[in-house]
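S.K.: just coords:
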């Protein structure tokens, strides 16, 4: 079947589509019964474990006490029995290698015995440790190909879960992944280490402020808002670029995109809503606390958002959410696109990562309270974040660097690459009042709408700023620059580590100022000095205006804030001795672990763009060029026939000249891109620079030729589903 035929068949299939999947009956079980049904959570642990074992395991999970090996057999036995009751035949250690995806190797519970029978077994050692082959995962030079041994280690802070399949179920055990040498080969281990680092320094600060009573641990809480596109699967399979790269490499903008701003929060199409409902039901059963769904700004774009939870659990749940979206969408004849920029000319997709810090006693350290200018804990932790973002802006920018995000950041849809903080006028005034010694102005706590039948609404301390990459939104920061396809583990690891470093410095400063005999007055004075110093030294990073404005770019340059627009510069720029020392100082990554991630990220950038460029060459040569030549032939034949009939055809001749010129331009673009791909490079850095400076611009030129051809080639000859079809036909 030709792509042209596939395109038109796809349109017919969408028109004929009716939801034939079984209706989802939410009434079959109450929400309370449904939530966490397939998760071996605290409730199930409490019921199935001896009280002493349960208490000891809870201390490990909640306080961070070392995991005792002698309780592992008891937990493993209970976990196995629960899984078998749910129909599980296999178990897997589920982990996050440095591919950016998840990985698993399934092992059967069934073991043969010497008498020719079989038994089900699952020991504590099998629960705690697995031994996958580590040689085929990215290691950045930590392990050679012939050094294959790796280990997975049970992460008891993230509950095991059941993944269902029509032919059986699998017990998934969240784990960390390390090499035989003990170095981390995954994204979870550094995240857990960064949680420990931040907790240590945060408790130091709380104890100095006199607010540490009862708290034994501080952890970060995260809620990541996932944006995504849904398109019909027939369109997806008729686009080689979507299948191979996850984004469209060619495609002319349709007459209607998002100009009318009518898609955002609009009515959700029936087919899409049916898919969403099943996604949410599956996630609910897996204990993923999804809360919100809605249409996003671009046509065909949607969002799902969870409630806050501990960072490492949120990272696991985000990976589960992405895989669930992909799996369920296919059941409804659609494909979920998680690329940051699957379509040019309309908004791309992010993963807005809401981040805060809380104690194990339930206190949010970024909660301003009614009088934020008098809230010492809030002010200190707020200033710690401000200092961290300013001092480590390039490292934070690097944490969200990817080829997909290069297309998205800085457009009028996503925050720019300049790392700044939005606080809102009231919090900014509160900090300025401490520096100046003047009283902060008081604002109304309610919003009156001027209609007697409408209630007065509570007003937040600050407005929302959707143009800011790092915005304070009430009692948390929203890191809006994280890409839709990314794991949140690495950006959160970086945030945790830089804030831990900032807190360590503040703790030293407070300790010196307060001395061995603290008094309330000494504490207040010390906090005031810390706030003054940080706001004076790092206040340049605070910006409450329009981050899209050209004037802000000029102002940011005057302030000395970095503006790194591409991933190569961001990744290379964050590979410094200071950055390496930062992670090593807090025990998050050692030198080899940090350098391995640097090489992996650069190599991933290079490989991704090389695949995209090769795919574009193939599509241009074998799909678009033949379509253009066929149309050129048709027009030439029409001109010849018209002239043979003795009629003039000036306009048709102009059209033919335009087609011939574009075909020539297309051929030249293909040749130029092939030459770029043929170049050899001595290092990943030089290769990345060449891709940035040569391959990417050449791809853009070739795409422009393809898109102009799409605008003039006869519709029945154009072989690829168009933006109009993919974005609007549901």
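M.R.: The structure has been received and is ready for your questions. From a predicted model like this one, the values you see are computed outputs, not experimental measurements. Residues are numbered from 1 along each chain as shown.
S.K.: could you point out which element follows the strand or helix carrying residue 201?
M.R.: Secondary structure assigned from DSSP states H and E places residue 201 in helix 188-209. Downstream of helix 188-209, the first helix or strand assigned by DSSP H and E is strand 218-232.
S.K.: distance from the chain centre to the helix or strand that that next one is followed by, please.
M.R.: As assigned by DSSP H and E, the chain's next helix or strand after strand 218-232 is helix 233-237. Relative to the centre of its chain, helix 233-237 is centred 24 Å away, using Cα atoms, centre = their mean, to the nearest Å.
S.K.: packing partners of helix 233-237?
M.R.: Using 3 or more Cβ pairs under 8 Å, 6 or more residues apart in numbering; DSSP states H and E, the elements in contact with helix 233-237 are helix 3-16, helix 240-245, strand 334-337. (C-beta placed from N, C-alpha, C; glycine too.)
S.K.: ok, residues contacting the second one?
M.R.: With Cβ atoms under 8 Å, 6 or more residues apart in numbering as the contact definition, helix 240-245 has outside contacts at 231, 236-237, 247-250, 335, 337, 339, 342, 608, 611-612, 615-616, 618-619, 623.
S.K.: could you rerun that using 7 Å?
M.R.: With contact meaning Cβ atoms under 7 Å, 6 or more residues apart in numbering, helix 240-245 is reached by 236-237, 247-250, 611-612, 615, 619.
S.K.: what's the burial count for residue 678?
M.R.: Residues lying near residue 678 (other Cβ atoms under 10 Å) number 7.
S.K.: now residue 369
M.R.: For residue 369, the neighbour count with other Cβ under 10 Å is 12.
S.K.: where does the stretch 551-700 of the chain have low pLDDT?
M.R.: Within the stretch 551-700 of the chain, no range satisfies pLDDT under 70.
S.K.: can I get the contacts of helix 240-245 in CSV including secondary structure, distance to residue 422 and neighbour count?
M.R.: Listed next are the contacts of helix 240-245 as CSV, based on DSSP: H, G, I helix; E, B strand; the rest coil; distance: Cβ to Cβ, whole Å; neighbours: other Cβ atoms under 10 Å:
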residue, secondary structure, distance to residue 422, neighbour count
236, helix, 37, 21
237, helix, 42, 15
247, coil, 29, 23
248, coil, 32, 21
249, coil, 34, 23
250, coil, 36, 22
611, helix, 36, 13
612, helix, 33, 21
615, helix, 38, 18
619, helix, 41, 23
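S.K.: for residue 405, state which of those is nearest.
M.R.: Taking Cβ to Cβ as the measure, residue 405 lies nearest residue 247 of the contacts of helix 240-245, at 11.9 Å.
S.K.: which residues touch the closest one?
M.R.: By Cβ under 7 Å, 6+ apart, the contact list for residue 247 reads 241, 339, 341-342.
S.K.: okay, which residue is most central for the chain?
M.R.: Nearest to the geometric centre of the chain sits residue 486, at 3.5 Å (Cα atoms, centre = their mean).
S.K.: pretty sure it is in contact with residue 352, am I right?
M.R.: No - in this structure, residue 486 is not within contact of residue 352 by Cβ atoms under 7 Å, at 11.7 Å.
S.K.: burial measure for residue 141, as a count.
M.R.: 11.
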